[in-house]
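Asks: Sharing a model that was predicted from the sequence below.
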Amino acid sequence: MDAIVMAGGLGKRLDMGEKPCIEVLGKPLISYVIDSLEGAKKIERIFVAVSPATPNTGKVVLNYYDGRVKVIMTGGGNYVGDMVYAVGSAGISEPVLIIMSDLPLISSDLIDSIISEYEKCGKPAMSVHVPISVCRSLGIRPDTVFNRDGNLIVPTGINILDGKNIQQEQEDFNLILKIPELALNINTVDNLKRCKDLLKFD
Ligand SMILES: Nc1nc2c(ncn2[C@@H]2O[C@H](COP(=O)(O)OP(=O)(O)O)[C@@H](O)[C@H]2O)c(=O)[nH]1
Ligand SMILES: [Mg+2]
């Protein structure tokens, strides 16, 4: 399965310049996700969707991964529109994993197990969530919360969609995983500090 890393956001809450390139313990934030994708057995090609808000991110990625990871320039300012554009531009007509650049704690094994769950789920699309209790136990205030049958769940920014019908709404399976590494999304200075502390003791 191919993967697209979304990396064209404004990073306003963190306000440290281009968020995907900020240095976290000696390497760019986005490289944590890319390294885990490169290590995942089920991932083939890797693309990064940048935008005019992240001009340097493309350069950093091309440089760091020596051309192994492709960069796609999207319009910016529209997450879903840019994702659809990136899938088309990459010529992907099979299921594709879409992931955000700001999930540094995700591992290769976790990516592979998410893809295995997708293969079993029987739906064209799958979105990964954590129960709100995982965020609460980390002291993280989520941006978005959904109510699924009375349970509050938080989207993690990991989706699998069928590339051949990317223009259309797709029936979506909600995978709910009680995994703290999926909940630590780097949006604020506090998230970044928490993440550095966790990585140091890894
Ligand atoms: N290409 C593209 N990427 C985006 C867009 N919005 C957010 N992203 C990326 O998606 C991820 C999650 O977004 P978010 O955390 O809201 O980013 P932020 O706005 O930069 O804090 C980040 O890696 C962003 O760089 C967009 O409109 N276009
Ligand atoms: Mg985020």
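Replies: Structure received. Ligands and ions are numbered 1, 2, ... in the order given.
Asks: make it CA atoms for all contacts and neighbour counts henceforth
Replies: OK.
Asks: Tell me the spacing between Lys70 and ligand 1.
Replies: Distance, Lys70 to ligand 1, using CA to the nearest ligand atom, to the nearest Å: 14 Å.
Asks: Name the nearest residue to Tyr32, sequence neighbours excluded.
Replies: Pro104 (4.9 Å; CA to CA, 6 or more residues apart in numbering).
Asks: C-alpha coordinates for the lengthiest strand in the chain, CSV please?
Replies: Longest strand in the chain by number of residues (criterion: DSSP state E): strand 151-162. In CSV, the C-alpha atoms belonging to strand 151-162 read as follows (Å, rounded to 0.1, in the frame of the first residue of the first chain):
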residue,chain,number,x,y,z
ASN,A,151,-18.6,6.3,23.3
LEU,A,152,-16.5,9.4,22.8
ILE,A,153,-13.8,8.8,20.3
VAL,A,154,-11.1,11.1,18.8
PRO,A,155,-9.8,10.9,15.2
THR,A,156,-6.0,10.3,15.0
GLY,A,157,-5.4,11.6,11.5
ILE,A,158,-4.8,8.2,10.0
ASN,A,159,-7.2,7.1,7.2
ILE,A,160,-7.2,4.5,4.5
LEU,A,161,-9.2,5.3,1.4
ASP,A,162,-9.8,3.6,-1.9
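Asks: in this protein, which ranges drop under the pLDDT threshold?
Replies: For the chain, residues meeting the criterion pLDDT under 70 lie at 202.
Asks: for the longest helix belonging to the chain, packing partners?
Replies: Criterion DSSP state H: the longest helix present in the chain is helix 108-121. On a contact count with 3 or more CA pairs under 8 Å, 6 or more residues apart in numbering; DSSP states H and E, helix 108-121 meets helix 29-39.
Asks: Are the helix it packs on and ligand 1 in contact anywhere?
Replies: No. Using CA under 6 Å from any ligand atom, helix 29-39 stays clear of ligand 1, with a minimum separation of 7.8 Å.
Asks: report the angle between the axes of that helix and helix 108-121?
Replies: Put simply, helix 29-39 runs at 60 degrees to helix 108-121, going by axes from the mean of the first three to the mean of the last three CA atoms, to 10 degrees.
Asks: Show me what helix 29-39 is packed up against.
Replies: Against helix 29-39 (3+ CA pairs under 8 Å, 6+ apart) you get strand 46-50, helix 108-121.
Asks: Could you figure out how far the longest strand of the chain is turned away from helix 108-121?
Replies: Using the same axes, to 10 degrees: strand 151-162 against helix 108-121 is 80 degrees.
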